[in-house]
Every structure is written in structure tokens, then in C-alpha cells.
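> below is the sequence, then the predicted model.
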Amino acid sequence: MVVTETTIPGLVLVDLSLHGDNRGWFKENWQREKMIAAGLPDFGPVQNNISFNDAVGTTRGIHAEPWDKFVSLATGRIFGAWVDLREGPTFGAVFTTELDPSRAIFVPRGVGNAYQTLEPGTAYTYLVNDHWSAENTDYAFLNLADETAAIDWPIPLDQVEISAKDKNHPRLGAVTPIAPRKILITGADGQVGRALRAEFGDAAHIEYAGREQLDLTDPGLRTARRWRDYGTIINAAAYTGVDRAETAEGRAAAWQVNAAASARLAAIATEFALTLVHVSTDYVFDGSAAGAYGEDAAFTPLGVYGQSKAAGDLAAAIAPRHYIVRTSWVIGDGSNFVRTMASLAERGIDPKVVDDQTGRLTFADDIARGIRHLLDTGAEYGTYNLTGGGEPTTWADVARDVYRLTGHDPARVSPVSTEEYYADATGPIAPRPRNSVLDLRKIEATGFVPADSASRLTEYLR
């Protein structure tokens, strides 16, 4: 088997081995393990269709559907033509070639497909990864005789059999391009969610959902959307009340949002072949390690929040196409430690801040940038640590930097131990990891450069 890229992105020719003898021949028309190893996508076919064509010159197309196809022949020979009808710089690009039983082609969603039979009794077969639905109207059709595509049909179109529908399809200038598969971003009302909105923008195929738009704790989540219209779910939703999670009410909420919802999304991603991006936390570790935590470090969560997030990570990892993005000390648009310290400095308050918890600040827009990088580059699926770069520091050090950068005396910040800080607290207090430093080498190897935490703090305070 030989796989060859074409001039249209994602359109891939596959030369298949025919094993013949005096009785005929045999081929493995679709062999998932071999195809994936050769570089074809694991597109999850759900239906097999066959079009039998009696006569030479039968011509069909040009149809672009909202699903992927794997096209091959059982008998006969065709001239195939494919036109990119997707949004983007390759809209209108054309590729043509002949197919016979020894050659197949993978046709990605949104690429228009057409063929003309060159031998009688041609059996044209194709696997698809969605069922036809009257509710799904995301199709595009192009006239077979379009002047821009200028397809050089072996048999002139005025000499062949064409359906009335195919004769009347629009020219390229009147075709509405097919948008990419939808990207759903959950937790859109949180710090990371708002940063993702700024990163991904308001394109028609980007969908944002806060708690009011999508209830991730709903057992009927699987039927809440037509999930085959989506390509990616970015799960930025989380229950982040670390101390509240230690109460009976908070414990239930934390497990519902951080663990059970993650399991539902992973099941959906698995069933519909979606990519699941799941935002995780350093709280899955107890902070007792001597150095930075790698992606494969064993989970050792201390409190309910960390335990529920660890369970959510395990659930998300079930999805074959997943990115678990583990971060720490998140600072974004909204209430956070840096804003609190800046406010205290301005109001003349001299705070006590813990100096025995170590980590790196991570700014929400850098998390969004890293997620976009993983998706755009097609990085290997798995878990990635994603925090700010630079030297680790303590919360007390960060507080002093905030005071200094806002024109106040950093000596006004008094360092204390975690035990001292919470000595007079009322209500439940969750244990915190003392070491939140995450090893960044894996994501750096993908070409992503984490922003220096100190520099980003300066920018943020401006």
C-alpha cells in the first residue's frame, strides 16, 4: 500500500495491493490499522454505499458533503475529479486522476467529488462517517461544466448521461464554501474561556457555551447537540472553588463538573471521533516532589478539588483524540491573585502571603495560545504541561513583584507559612500542593514557547 498526498489538502490517493490468481483477485479495501499507520485519518466510517454504473460515460457530481469519504472501485475504471469547496485559501483547487480497483482515494469533508465511468459495469463504492440527515444542510454543489474548475473530462459532457440536478448546479462564484467542523468551547464565562474567545474569535464555526447555554452535568448531554457537526470540544469548564469543594454541597458539585462531565464529553468524543481538549491542574499532585512534575507523574491529589480533577483527567484520556492541558496558578480576566494584590497595594493594606508554595504564574491567554498551537500543528495526542516559563517563584514573591510594579514598597508584603496563613480561618480549608512546578519540555518540543511569567506579569499590570 502506498499513500500519496495530492494538491488538495487532506485529499489522499491510496494504491492498494491486488492479490490475484487464476480465479480472480483479492484486496484489503479498508484496513483500519494499516491505513492509520500509513497516515490516513481514523475517520470512523459508519456506512458503506455502492453506485453501480452500467454504461461508459456515466457522469455524477460535483457534490461536497459534510462527511469524509473513502472511495474505491470493485470493478471498472473511472476518471475522478475533486474540487475543494471548503472555506480557505484552497477554495476552488482541482485534482483529477483515474481510479481502478487497485487505487482508492480519501476525500475529506467539504471537497467536491465527481466521476465519469470509463468502462461498462463500474461498481463505485465509498465509506462515509455520517448518516444522511434531512436536518443537515451543510452541502455544496458545483456545476460539472464550471469554467473556473475547467475539468478536462475524457468524454465531453454533451455526449454523456447526466442527471437533471447535476446539470443545474451553480458555478463556483455562486457556491457557498463549506465551513470547518464546529469547535465547541465550554466554560466560556470563566477566565480561560474568555481567553479562548479572544484567541479563536467569533467565526461562524466557533461556538461558546457557558453554564446557561450547556449543562455539562445533564445525563442527556449526548443528545444536546448534533455532535457529528463538531470536530473539537475544548472543555474549559471547571468547579474551581478549592475550599468550597471540602463542604458537602461543594463536593457534589466538584465531582459533577470536574469528573462526571469530563466522562460524558469523553464518551461523546469517542463515539463521534471528535478531538477533546481538557484543561487540567497542578492540584492532581500533592506537591511533595523534589523537582518539576512531568506529564506521566502519578496522581496524588490532596483535597476534593484535586481528586475530582484527577478523575476528570482519567476520563478525558479515554477519548482516542485528546489533549489534556495541565496548568497552574492561572491569571486572567476576572478576580485573581494579582488583581487582589494590586488592589491591596493601592488601598494601603500590608498583606501576609504564603512563601512555602512554589510554582509559575500562567496567564489565561497563554493557555489559549497553547491550545490553539496543539490543534493547529496536529501535535501528538496526550497530556501536555502548559504554564508560564522562567524561574519558579512563591506567592509571596509574586505579591512583592505586584507591589513593586505598581509603584509600592514590596517590603509591605510579609511572608508566612501556609499553616500560619490559615491559622485563623473559619470554615473548611483545602490542602494545597507546596510544589506546583510543571516540566514544560514536552510542549516545548512541539514548537510552543511558554511566555516568561515575570515578563507577562509586567504586561498584565500595565
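All right, it came through fine.

> domain parsing for the protein?
Segmentation of the chain into domains, based on automatic domain parsing, reads 2-174, 182-461.

> okay, the ones you listed, which one's buried deepest?
Mean neighbour count (mean count of other CB atoms under 10 Å) peaks for domain 182-461 among the domains of the chain, with a mean of 19. (Each C-beta comes from the backbone N, C-alpha and C, glycine too.)

> which residues in the stretch 151-300 of the chain form helices?
All helices of the stretch 151-300 of the chain, identified by DSSP state H, counting those that start in this stretch, fall at 164-167, 191-200, 248-254, 261-271.

> got it, and the stretch 1-150 of the chain?
Using DSSP H, counting those that start in this stretch, the helices assigned to the stretch 1-150 of the chain run over residues 32-37.

> now stretch 31-51: mean pLDDT?
In this model, stretch 31-51 has an average pLDDT of 90.

> with stretch 429-444 instead?
97.

> same question, stretch 303-316
Averaging pLDDT along stretch 303-316 yields 98.

> cool, stretch 334-346 as well?
The model assigns stretch 334-346 a mean pLDDT of 95.

> who touches that stretch?
Here stretch 334-346 makes contact (CB atoms under 8 Å, 6 or more residues apart in numbering) with 190-191, 194, 329-331, 350-351, 353, 361, 395, 398-399, 402-403, 406, 408, 412, 457, 460-461.

> go with 7 Å
With contact meaning CB atoms under 7 Å, 6 or more residues apart in numbering, stretch 334-346 is reached by 191, 331, 351, 398-399, 402-403, 406, 408, 457, 460-461.

> please give the element, helix or strand, for Tyr384.
Assessed by DSSP states H and E, Tyr384 sits inside strand 382-385.

> elements contacting that strand?
Packing partners of strand 382-385 (3 or more CB pairs under 7 Å, 6 or more residues apart in numbering; DSSP states H and E): strand 322-327, helix 441-444.

> next, format these as JSON lines and append distance to Tyr208.
As requested, the helices and strands packed on strand 382-385 are exported to JSON lines (distance: least, CB to CB, whole Å):
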{"stretch": "strand 322-327", "distance to Tyr208": "18"}
{"stretch": "helix 441-444", "distance to Tyr208": "24"}
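
> among the ones you listed, which comes closest to Asn29?
With CB to CB as the measure, strand 322-327 is the member of the helices and strands packed on strand 382-385 nearest Asn29 (29.3 Å).

> paired strands for the closest one, with orientation please.
Take DSSP bridges as the rule and strand 322-327 pairs in its sheet with strand 275-281 (parallel), strand 382-385 (parallel).

> only alpha carbons, please: show it as PDB.
What follows is strand 322-327, C-alpha atoms only, in PDB (Å, rounded to 0.1, in the frame of the first residue of the first chain):
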ATOM      1  CA  HIS A 322      -7.500  14.000  23.400                       C
ATOM      2  CA  TYR A 323      -5.200  16.800  24.700                       C
ATOM      3  CA  ILE A 324      -5.100  17.200  28.400                       C
ATOM      4  CA  VAL A 325      -3.600  20.600  29.100                       C
ATOM      5  CA  ARG A 326      -2.300  20.800  32.700                       C
ATOM      6  CA  THR A 327      -1.600  24.200  34.100                       C
END
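
> if we can go back for a sec, most widely separated two among the contacts of stretch 334-346?
Farthest-apart pair in the contacts of stretch 334-346 is Gln191 and His408; separation 24.7 Å (CB to CB).

> circling back to that earlier point, out of the contacts of stretch 334-346, list just those in helices.
191, 398-399, 402-403, 457, 460-461 (DSSP state H).

> got those as CSV, with pLDDT and distance to Arg103 columns?
Formatted as CSV, the ones in helices among the contacts of stretch 334-346 follow (pLDDT from 0 to 100; distance: CB to CB, whole Å):
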residue, pLDDT, distance to Arg103
Gln191, 94, 51
Val398, 97, 61
Ala399, 97, 66
Val402, 97, 64
Tyr403, 97, 69
Leu457, 96, 57
Tyr460, 94, 56
Leu461, 93, 61
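
> reformat the residues you listed as TSV; add distance to Leu438.
Output for those, formatted as TSV (distance: CB to CB, whole Å):
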residue	distance to Leu438
Gln191	18
Val398	16
Ala399	21
Val402	22
Tyr403	26
Leu457	18
Tyr460	20
Leu461	24
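
> of all those, which comes closest to Phe70?
Gln191 (42.0 Å).

> might one say that the closest one is in contact with Gly332?
Yes - counting by CB atoms under 7 Å, Gln191 touches Gly332, with 3.1 Å between them.

> overlap in contacts, those two.
Here Gln191 and Gly332 have Ala364 as joint contacts, going by CB under 7 Å, 6+ apart.

> show me the shaky parts of the protein.
Flagging of the chain using pLDDT under 70 yields the residue ranges 136-137.

> show me where the stretch 351-462 of the chain has strands.
352-354, 358-359, 362-363, 382-385, 393-394, 414-416 (DSSP state E, counting those that start in this stretch).

> who wins for proximity to Thr6 among these?
In terms of CB to CB, the element of the strands of the stretch 351-462 of the chain nearest to Thr6 is strand 382-385, at 29.4 Å.

> I'd like the strands of the stretch 351-462 of the chain as TSV, with distance to Gly110 appended.
TSV is the format used below for the strands of the stretch 351-462 of the chain (distance: least, CB to CB, whole Å):
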stretch	distance to Gly110
strand 352-354	53
strand 358-359	43
strand 362-363	35
strand 382-385	28
strand 393-394	47
strand 414-416	58
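
> quick one, which of the ones you listed gets closest to Gly76.
Where the strands of the stretch 351-462 of the chain are weighed against each other on CB to CB, the nearest is strand 382-385, at 43.5 Å.
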